[in-house]
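Visitor: The following block contains a protein sequence and its predicted model.
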Amino acid sequence: MSRWQHFSLPAAAETGANAMADLQDDPAHGGSAPASPGSVGAAPAPAPAPAPGLPGALDRAAALLAVHPVADGCNTLLWTLRQSPYHDNIGTPEGGVDTDIPRLRAGAVGAQFWSLLTPGQDRVVAETLEQIDVAQAMMRRYPDSLSLALCADDMADARNRGRIASFLGPAPGRTLTDSLGTLRALHALGVRSMAPAGAAWADQGLTAFGHEVVRELNRLAVLIDLTGCDDAVAVQIAGASKAPVLISHTASAALTPHPGNVSDEVLLALRAAGGLCMVTFASAQTGDSLHVVADHLDHVRAVAGPHCVGLGAAFGSEPTTPRPAGLTDASGYPRLIAELLDRGWSEADLTLLTWDNAQRVLRDAEFTARAAQHRRGAGS
(Lines give C-alpha, C1' and ligand atoms only; values in the text may rest on other atoms or scores of the structure.)
Protein backbone atom coordinates (compact mmCIF):
# COMPACT_ATOMS: atom_id res chain seq x y z
CA MET A 1 0.00 0.00 0.00
CA SER A 2 1.33 3.42 -0.87
CA ARG A 3 2.20 5.53 2.14
CA TRP A 4 2.06 8.78 0.14
CA GLN A 5 -0.50 10.12 2.58
CA HIS A 6 2.33 10.50 5.08
CA PHE A 7 3.98 13.07 2.81
CA SER A 8 2.35 16.43 3.56
CA LEU A 9 1.95 18.31 0.29
CA PRO A 10 -0.10 21.28 1.53
CA ALA A 11 1.89 21.84 3.91
CA ALA A 12 21.73 28.33 3.24
CA ALA A 13 22.04 30.78 5.19
CA GLU A 14 24.99 32.60 3.66
CA THR A 15 27.81 30.56 5.02
CA GLY A 16 30.54 31.95 7.21
CA ALA A 17 29.93 35.30 8.82
CA ASN A 18 26.95 36.21 6.63
CA ALA A 19 24.60 33.94 8.60
CA MET A 20 25.45 35.82 11.78
CA ALA A 21 24.95 39.08 9.93
CA ASP A 22 21.43 38.02 8.98
CA LEU A 23 20.44 38.05 12.63
CA GLN A 24 22.56 41.00 13.66
CA ASP A 25 20.88 43.14 11.00
CA ASP A 26 17.47 42.51 12.56
CA PRO A 27 16.36 45.71 14.35
CA ALA A 28 15.31 43.50 17.27
CA HIS A 29 19.02 42.84 17.81
CA GLY A 30 20.01 46.44 17.63
CA GLY A 31 21.38 46.26 14.09
CA SER A 32 20.59 48.39 11.09
CA ALA A 33 17.48 47.87 9.00
CA PRO A 34 17.89 44.99 6.53
CA ALA A 35 18.41 45.60 2.85
CA SER A 36 15.65 44.82 0.38
CA PRO A 37 15.45 41.10 -0.44
CA GLY A 38 15.02 41.81 -4.13
CA SER A 39 18.70 41.05 -4.78
CA VAL A 40 18.82 37.32 -4.15
CA GLY A 41 22.54 36.82 -3.86
CA ALA A 42 23.46 39.86 -1.80
CA ALA A 43 20.61 40.71 0.56
CA PRO A 44 19.31 37.92 2.79
CA ALA A 45 15.99 38.53 4.48
CA PRO A 46 16.12 39.52 8.15
CA ALA A 47 15.82 36.78 10.71
CA PRO A 48 12.63 36.82 12.78
CA ALA A 49 12.69 38.45 16.18
CA PRO A 50 13.72 36.09 18.98
CA ALA A 51 11.18 34.54 21.29
CA PRO A 52 10.96 36.18 24.71
CA GLY A 53 13.71 35.07 27.03
CA LEU A 54 15.95 33.65 24.27
CA PRO A 55 18.18 36.48 23.01
CA GLY A 56 21.37 34.93 24.37
CA ALA A 57 20.51 31.53 22.98
CA LEU A 58 19.53 33.03 19.63
CA ASP A 59 22.89 34.78 19.32
CA ARG A 60 24.64 31.49 20.07
CA ALA A 61 22.43 29.72 17.56
CA ALA A 62 23.36 32.27 14.88
CA ALA A 63 27.06 31.84 15.59
CA LEU A 64 26.77 28.06 15.36
CA LEU A 65 24.74 28.13 12.15
CA ALA A 66 27.22 30.51 10.55
CA VAL A 67 29.72 27.64 10.54
CA HIS A 68 27.42 24.61 10.58
CA PRO A 69 24.27 25.50 8.59
CA VAL A 70 21.18 23.34 8.29
CA ALA A 71 21.13 20.36 5.94
CA ASP A 72 17.39 19.74 5.59
CA GLY A 73 16.10 16.37 4.36
CA CYS A 74 12.80 17.32 2.73
CA ASN A 75 11.22 20.25 0.92
CA THR A 76 8.15 19.83 -1.32
CA LEU A 77 8.53 23.09 -3.24
CA LEU A 78 8.95 21.37 -6.63
CA TRP A 79 5.45 19.92 -6.48
CA THR A 80 4.01 23.26 -5.34
CA LEU A 81 5.68 25.07 -8.22
CA ARG A 82 4.27 22.55 -10.68
CA GLN A 83 0.75 22.93 -9.33
CA SER A 84 0.91 26.72 -8.97
CA PRO A 85 3.43 28.13 -11.47
CA TYR A 86 2.67 31.70 -10.37
CA HIS A 87 4.73 30.93 -7.23
CA ASP A 88 7.87 30.47 -9.29
CA ASN A 89 9.60 33.68 -8.16
CA ILE A 90 11.41 32.37 -5.10
CA GLY A 91 13.91 35.21 -5.24
CA THR A 92 11.69 37.30 -2.96
CA PRO A 93 9.52 36.47 0.07
CA GLU A 94 6.41 37.62 -1.79
CA GLY A 95 6.05 34.42 -3.81
CA GLY A 96 3.19 33.01 -1.73
CA VAL A 97 5.03 29.93 -0.41
CA ASP A 98 6.86 29.19 2.83
CA THR A 99 10.17 28.61 1.02
CA ASP A 100 12.15 31.19 -0.89
CA ILE A 101 15.80 32.09 -1.12
CA PRO A 102 15.71 35.01 1.36
CA ARG A 103 13.99 32.84 3.97
CA LEU A 104 16.30 29.90 3.32
CA ARG A 105 19.22 32.21 3.95
CA ALA A 106 17.62 33.76 7.04
CA GLY A 107 17.04 30.22 8.28
CA ALA A 108 20.69 29.29 7.70
CA VAL A 109 19.92 26.48 5.26
CA GLY A 110 23.14 25.29 3.62
CA ALA A 111 21.88 22.10 1.98
CA GLN A 112 18.43 21.01 0.88
CA PHE A 113 16.95 17.77 -0.44
CA TRP A 114 14.21 18.72 -2.92
CA SER A 115 11.56 16.01 -2.83
CA LEU A 116 10.51 14.37 -6.10
CA LEU A 117 7.62 12.47 -4.50
CA THR A 118 4.16 12.81 -6.03
CA PRO A 119 0.74 11.90 -4.57
CA GLY A 120 -0.71 10.08 -7.58
CA GLN A 121 -0.31 6.48 -8.67
CA ASP A 122 -0.33 7.20 -12.42
CA ARG A 123 2.41 8.53 -14.69
CA VAL A 124 4.92 8.11 -11.89
CA VAL A 125 7.97 8.09 -14.18
CA ALA A 126 6.75 11.10 -16.16
CA GLU A 127 5.83 12.96 -12.96
CA THR A 128 9.27 12.30 -11.51
CA LEU A 129 11.03 13.50 -14.66
CA GLU A 130 8.89 16.63 -14.72
CA GLN A 131 9.84 17.41 -11.13
CA ILE A 132 13.52 16.96 -12.01
CA ASP A 133 12.97 19.41 -14.88
CA VAL A 134 11.44 21.95 -12.46
CA ALA A 135 14.42 21.54 -10.11
CA GLN A 136 16.94 22.04 -12.89
CA ALA A 137 15.09 25.14 -14.13
CA MET A 138 15.04 26.54 -10.58
CA MET A 139 18.78 26.07 -10.21
CA ARG A 140 19.44 27.67 -13.60
CA ARG A 141 17.33 30.67 -12.60
CA TYR A 142 19.19 31.21 -9.31
CA PRO A 143 22.79 30.07 -9.98
CA ASP A 144 24.24 32.40 -7.34
CA SER A 145 22.09 30.82 -4.63
CA LEU A 146 21.38 27.20 -5.60
CA SER A 147 23.94 24.63 -6.66
CA LEU A 148 23.23 21.05 -7.77
CA ALA A 149 24.90 18.64 -5.35
CA LEU A 150 25.77 15.05 -6.22
CA CYS A 151 28.00 14.09 -3.29
CA ALA A 152 29.23 15.15 0.14
CA ASP A 153 32.09 17.17 -1.37
CA ASP A 154 29.56 19.17 -3.41
CA MET A 155 27.67 19.87 -0.19
CA ALA A 156 30.78 21.29 1.48
CA ASP A 157 31.84 23.18 -1.66
CA ALA A 158 28.44 24.86 -1.99
CA ARG A 159 28.63 25.99 1.63
CA ASN A 160 32.11 27.42 1.09
CA ARG A 161 30.89 29.35 -1.98
CA GLY A 162 27.81 30.74 -0.23
CA ARG A 163 25.33 28.61 -2.14
CA ILE A 164 22.65 26.17 -1.02
CA ALA A 165 23.63 22.62 -1.95
CA SER A 166 20.62 21.17 -3.77
CA PHE A 167 20.14 17.40 -3.78
CA LEU A 168 17.44 15.73 -5.87
CA GLY A 169 15.37 13.26 -3.90
CA PRO A 170 13.78 11.27 -2.65
CA ALA A 171 12.39 9.88 -5.90
CA PRO A 172 9.51 7.38 -5.67
CA GLY A 173 10.58 3.74 -5.63
CA ARG A 174 7.47 3.08 -7.72
CA THR A 175 9.36 4.44 -10.74
CA LEU A 176 11.43 1.26 -11.00
CA THR A 177 8.81 -1.50 -11.52
CA ASP A 178 11.24 -4.27 -12.57
CA SER A 179 13.98 -2.13 -14.13
CA LEU A 180 17.35 -1.38 -12.60
CA GLY A 181 18.06 0.59 -15.77
CA THR A 182 15.48 3.17 -14.68
CA LEU A 183 17.34 3.55 -11.41
CA ARG A 184 20.64 4.09 -13.22
CA ALA A 185 18.99 6.65 -15.52
CA LEU A 186 17.60 8.58 -12.54
CA HIS A 187 21.03 8.51 -10.94
CA ALA A 188 22.54 9.93 -14.13
CA LEU A 189 20.00 12.80 -13.91
CA GLY A 190 21.22 13.64 -10.41
CA VAL A 191 18.83 11.74 -8.12
CA ARG A 192 20.60 10.88 -4.86
CA SER A 193 17.77 9.52 -2.71
CA MET A 194 14.93 7.05 -3.29
CA ALA A 195 11.87 6.16 -1.17
CA PRO A 196 10.74 2.50 -1.38
CA ALA A 197 7.35 3.14 0.29
CA GLY A 198 4.53 2.01 -1.99
CA ALA A 199 6.80 0.19 -4.43
CA ALA A 200 5.79 -3.39 -5.24
CA TRP A 201 9.35 -4.55 -4.57
CA ALA A 202 9.27 -3.29 -0.96
CA ASP A 203 5.66 -2.76 0.11
CA GLN A 204 5.25 -5.99 2.07
CA GLY A 205 8.94 -6.60 2.55
CA LEU A 206 11.80 -6.85 0.09
CA THR A 207 11.20 -9.15 -2.85
CA ALA A 208 14.07 -10.79 -4.75
CA PHE A 209 14.06 -7.77 -7.06
CA GLY A 210 13.91 -5.50 -4.00
CA HIS A 211 17.17 -6.97 -2.73
CA GLU A 212 18.69 -6.22 -6.15
CA VAL A 213 17.45 -2.65 -5.91
CA VAL A 214 19.02 -2.20 -2.47
CA ARG A 215 22.36 -3.52 -3.74
CA GLU A 216 22.22 -1.21 -6.76
CA LEU A 217 21.26 1.79 -4.63
CA ASN A 218 24.28 1.03 -2.45
CA ARG A 219 26.54 0.67 -5.51
CA LEU A 220 25.39 4.04 -6.87
CA ALA A 221 25.55 5.85 -3.49
CA VAL A 222 21.84 6.67 -3.73
CA LEU A 223 20.44 7.02 -0.21
CA ILE A 224 17.47 4.88 0.81
CA ASP A 225 14.73 7.01 2.37
CA LEU A 226 12.41 4.90 4.54
CA THR A 227 9.75 7.61 4.94
CA GLY A 228 6.30 5.99 4.91
CA CYS A 229 7.52 2.39 5.21
CA ASP A 230 5.84 0.06 7.68
CA ASP A 231 7.97 -0.66 10.73
CA ALA A 232 8.82 -4.22 9.72
CA VAL A 233 9.80 -3.15 6.21
CA ALA A 234 11.89 -0.24 7.51
CA VAL A 235 13.77 -2.53 9.90
CA GLN A 236 14.33 -5.10 7.13
CA ILE A 237 15.70 -2.54 4.66
CA ALA A 238 17.90 -0.92 7.30
CA GLY A 239 19.41 -4.34 7.95
CA ALA A 240 19.77 -5.26 4.27
CA SER A 241 21.48 -2.03 3.20
CA LYS A 242 25.26 -1.87 3.45
CA ALA A 243 25.03 1.93 3.51
CA PRO A 244 23.24 4.03 6.12
CA VAL A 245 19.54 4.66 5.48
CA LEU A 246 17.52 7.71 6.45
CA ILE A 247 13.98 8.88 7.09
CA SER A 248 13.74 12.33 5.58
CA HIS A 249 10.66 13.71 7.36
CA THR A 250 9.05 12.07 10.35
CA ALA A 251 8.62 12.36 14.12
CA SER A 252 8.30 10.09 17.13
CA ALA A 253 5.25 7.84 17.30
CA ALA A 254 5.86 7.50 21.04
CA LEU A 255 5.02 11.19 21.45
CA THR A 256 2.47 11.64 18.65
CA PRO A 257 0.66 8.55 17.32
CA HIS A 258 0.56 9.44 13.63
CA PRO A 259 0.88 6.94 10.75
CA GLY A 260 3.82 8.90 9.33
CA ASN A 261 5.79 8.80 12.58
CA VAL A 262 8.36 6.17 13.51
CA SER A 263 8.38 3.79 16.43
CA ASP A 264 11.24 3.38 18.86
CA GLU A 265 11.88 0.00 17.20
CA VAL A 266 12.71 1.76 13.95
CA LEU A 267 14.79 4.38 15.75
CA LEU A 268 16.85 1.59 17.34
CA ALA A 269 17.29 -0.02 13.91
CA LEU A 270 18.55 3.31 12.56
CA ARG A 271 20.94 3.57 15.47
CA ALA A 272 22.32 0.09 14.77
CA ALA A 273 22.69 0.87 11.06
CA GLY A 274 24.25 4.31 11.54
CA GLY A 275 21.22 5.85 9.84
CA LEU A 276 19.51 9.20 10.21
CA CYS A 277 16.04 10.24 11.43
CA MET A 278 15.14 13.75 10.23
CA VAL A 279 12.37 15.38 12.24
CA THR A 280 9.59 17.21 10.42
CA PHE A 281 7.88 20.51 11.25
CA ALA A 282 4.44 19.27 10.15
CA SER A 283 1.94 20.09 12.90
CA ALA A 284 -0.05 16.89 12.37
CA GLN A 285 3.03 14.82 13.16
CA THR A 286 4.56 16.88 15.94
CA GLY A 287 2.16 19.39 17.48
CA ASP A 288 1.42 23.08 17.22
CA SER A 289 4.48 24.72 18.75
CA LEU A 290 8.23 24.93 18.41
CA HIS A 291 8.51 23.43 21.88
CA VAL A 292 6.83 20.16 20.92
CA VAL A 293 9.08 19.86 17.86
CA ALA A 294 11.99 20.18 20.28
CA ASP A 295 10.37 17.42 22.38
CA HIS A 296 10.45 15.12 19.35
CA LEU A 297 14.10 15.95 18.73
CA ASP A 298 14.87 15.21 22.39
CA HIS A 299 13.17 11.82 22.08
CA VAL A 300 14.86 10.84 18.82
CA ARG A 301 18.25 11.82 20.20
CA ALA A 302 17.64 9.83 23.38
CA VAL A 303 16.61 6.66 21.53
CA ALA A 304 18.64 6.76 18.30
CA GLY A 305 21.59 8.74 19.65
CA PRO A 306 22.98 12.17 18.74
CA HIS A 307 24.66 10.81 15.61
CA CYS A 308 21.32 9.71 14.13
CA VAL A 309 19.11 12.81 14.38
CA GLY A 310 18.58 15.53 11.79
CA LEU A 311 16.04 18.00 10.41
CA GLY A 312 13.57 17.39 7.58
CA ALA A 313 11.04 20.18 7.91
CA ALA A 314 8.97 19.36 4.79
CA PHE A 315 8.50 23.02 3.96
CA GLY A 316 7.64 23.98 0.40
CA SER A 317 3.91 24.62 0.55
CA GLU A 318 1.53 27.56 0.62
CA PRO A 319 1.20 29.43 3.94
CA THR A 320 -2.22 27.89 4.69
CA THR A 321 -0.53 24.62 5.67
CA PRO A 322 -0.62 24.21 9.48
CA ARG A 323 2.83 24.68 11.01
CA PRO A 324 4.04 24.84 14.60
CA ALA A 325 4.14 28.35 16.03
CA GLY A 326 7.64 29.72 15.56
CA LEU A 327 8.38 27.36 12.66
CA THR A 328 5.96 28.59 10.03
CA ASP A 329 8.49 28.99 7.21
CA ALA A 330 12.07 28.29 6.23
CA SER A 331 13.45 31.18 8.30
CA GLY A 332 12.62 29.51 11.62
CA TYR A 333 15.55 27.13 12.17
CA PRO A 334 17.60 29.54 14.34
CA ARG A 335 14.73 29.77 16.85
CA LEU A 336 14.63 25.98 17.11
CA ILE A 337 18.39 25.77 17.67
CA ALA A 338 18.06 28.46 20.35
CA GLU A 339 15.36 26.39 22.07
CA LEU A 340 17.62 23.32 22.03
CA LEU A 341 20.49 25.34 23.48
CA ASP A 342 18.19 26.45 26.29
CA ARG A 343 17.38 22.78 26.89
CA GLY A 344 21.04 21.98 27.39
CA TRP A 345 21.99 20.52 24.01
CA SER A 346 25.74 20.84 23.55
CA GLU A 347 27.11 22.70 20.56
CA ALA A 348 28.74 19.44 19.47
CA ASP A 349 25.35 17.69 19.36
CA LEU A 350 23.77 20.65 17.55
CA THR A 351 26.52 20.56 14.94
CA LEU A 352 25.68 16.90 14.37
CA LEU A 353 21.98 17.77 14.11
CA THR A 354 22.31 20.61 11.63
CA TRP A 355 25.10 19.52 9.28
CA ASP A 356 27.50 16.77 10.29
CA ASN A 357 25.06 13.84 10.48
CA ALA A 358 23.75 14.48 6.96
CA GLN A 359 27.24 14.85 5.56
CA ARG A 360 28.41 11.71 7.36
CA VAL A 361 25.56 9.63 5.91
CA LEU A 362 26.43 10.86 2.41
CA ARG A 363 30.12 10.10 2.90
CA ASP A 364 29.39 6.64 4.30
CA ALA A 365 27.13 5.90 1.32
CA GLU A 366 29.91 6.99 -1.04
CA PHE A 367 32.44 4.81 0.79
CA THR A 368 30.08 1.84 0.50
CA ALA A 369 29.65 2.54 -3.22
CA ARG A 370 33.39 2.65 -3.83
CA ALA A 371 33.85 -0.63 -1.97
CA ALA A 372 31.08 -2.29 -3.99
CA GLN A 373 32.51 -1.03 -7.27
CA HIS A 374 35.97 -2.24 -6.26
CA ARG A 375 34.64 -5.71 -5.47
CA ARG A 376 32.76 -5.81 -8.79
CA GLY A 377 35.91 -4.71 -10.64
CA ALA A 378 38.07 -7.26 -8.85
CA GLY A 379 35.63 -10.03 -9.75
CA SER A 380 35.32 -9.14 -13.44
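Guide: Nice, I can see it. Numbering: from 1, shown residues only.
Visitor: Show me where the stretch 51-200 of the chain dips below the pLDDT cut-off.
Guide: Residues of the stretch 51-200 of the chain that meet the criterion pLDDT under 70 lie in 51-55, 85-86.
Visitor: show me where it has helices.
Guide: For the stretch 51-200 of the chain, the helices defined by DSSP state H, counting those that start in this stretch occupy 55-67, 77-83, 101-106, 124-141, 152-160, 180-188.
Visitor: Serialize those helices to CSV and add fields for distance to residue 223.
Guide: All C-beta atoms are positioned from the backbone trio N, CA, C, and that covers glycine. Shown next, in CSV, are those (distance: least, Cβ to Cβ, whole Å):
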stretch, distance to residue 223
helix 55-67, 23
helix 77-83, 18
helix 101-106, 21
helix 124-141, 16
helix 152-160, 11
helix 180-188, 11
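Visitor: Select, out of the ones you listed, the one closest to residue 274.
Guide: With Cβ to Cβ as the measure, helix 152-160 is the member of those nearest residue 274 (14.7 Å).
Visitor: What is the neighbour count of residue 215?
Guide: Using other Cβ atoms under 10 Å, residue 215 has 15 other residues around it.
Visitor: dump the residue contacts of it.
Guide: Neighbouring residues of residue 215 by Cβ atoms under 8 Å, 6 or more residues apart in numbering: residue 372.
Visitor: coming back round to it: now render the helices of the stretch 51-200 of the chain as TSV, adding distance to residue 258 and mean neighbour count.
Guide: Output for the helices of the stretch 51-200 of the chain, formatted as TSV (distance: least, Cβ to Cβ, whole Å; neighbours: other Cβ atoms under 10 Å):
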stretch	distance to residue 258	mean neighbour count
helix 55-67	28	20
helix 77-83	21	21
helix 101-106	26	28
helix 124-141	25	17
helix 152-160	30	19
helix 180-188	29	16
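Visitor: Quick one: neighbours of the closest residue to residue 182 other than its chain neighbours, just the number.
Guide: Distances taken as Cβ to Cβ, 6 or more residues apart in numbering put residue 176 closest to residue 182, at 5.2 Å, once the chain neighbours are dropped. Residues near residue 176, counting by other Cβ under 10 Å, number 26.
Visitor: One more: the one 3 residues further on?
Guide: By the measure other Cβ under 10 Å, the count of residues near residue 179 is 13.
Visitor: what's the distance between it and residue 302?
Guide: In this structure, residue 179 and residue 302 are 41 Å apart, going by Cβ to Cβ, to the nearest Å.
Visitor: try residue 316
Guide: Per Cβ to Cβ, residue 316 is found 29 Å from residue 302.
Visitor: re earlier: dihedrals phi and psi, the residue nearest to residue 182?
Guide: Backbone torsions for residue 176, taken as degrees, to the nearest 10, come to phi -80, psi -30.
Visitor: for it, what are its contacts?
Guide: For residue 176, the contact set (Cβ under 8 Å, 6+ apart) comprises 182, 183, 199, 201, 213.
Visitor: any idea how far the last one lies from residue 195?
Guide: Using Cβ to Cβ, residue 213 is found at 12 Å from residue 195.
Visitor: The two: who's more crowded?
Guide: Taking other Cβ under 10 Å, residue 213 and residue 195 do not tie; residue 195 has more neighbours (28 against 25).
Visitor: Find the nearest non-adjacent residue to that one, please.
Guide: Leaving out its chain neighbours, the residue that sits closest to residue 195 by Cβ to Cβ, 6+ apart is residue 170, at 4.0 Å.
Visitor: Just give the nearest non-adjacent residue to residue 69, would you?
Guide: Among residues not flanking residue 69 along the chain, residue 110 sits closest, at 3.0 Å (Cβ to Cβ, 6+ apart).
Visitor: Kindly tell me how buried the one you found is, as a neighbour count.
Guide: Look at residue 110: counted by other Cβ under 10 Å, it has 31 neighbours.
Visitor: isn't it right up against residue 356?
Guide: No - using Cβ atoms under 8 Å, residue 110 is not in contact with residue 356; the gap is 11.6 Å.
Visitor: average pLDDT across the host helix or strand of residue 375?
Guide: Per DSSP states H and E: residue 375 is located in helix 357-379. In this model, helix 357-379 has a mean pLDDT of 87.
Visitor: Among residue 316 and residue 302, which residue is more densely surrounded?
Guide: Shown here are residue 316 and residue 302; by other Cβ under 10 Å, residue 316 has more neighbours (24 against 13).
Visitor: these two touch, right, the more buried one and residue 82?
Guide: No - judged on Cβ under 8 Å, residue 316 makes no contact with residue 82 at a distance of 11.3 Å.
Visitor: so how far is residue 126 from the spatially most central residue of the chain?
Guide: Geometric centre of the chain, nearest residue: residue 73, 1.0 Å, by Cα atoms, centre = their mean. Going from residue 73 to residue 126 by Cβ to Cβ gives 25 Å.
Visitor: Check residue 321 too.
Guide: Taking Cβ to Cβ, one finds residue 321 at 26 Å from residue 126.
Visitor: likewise residue 354?
Guide: 35 Å.
Visitor: What of residue 330?
Guide: In terms of Cβ to Cβ, residue 330 sits 29 Å off from residue 126.
Visitor: follow-up on the earlier one: ok, which of the helices of the stretch 51-200 of the chain comes nearest residue 285?
Guide: helix 77-83 (18.1 Å).
Visitor: what packs against the closest one?
Guide: helix 124-141 (3 or more Cβ pairs under 8 Å, 6 or more residues apart in numbering; DSSP states H and E).
Visitor: Can you tell me what sits against the helix it packs on?
Guide: By Cβ under 8 Å, 6+ apart, the residues outside helix 124-141 that reach it are 78-79, 81-82, 88, 90-91, 114, 116, 118, 120, 146-148, 166, 168, 171-172, 174-175, 182, 186, 189-191.
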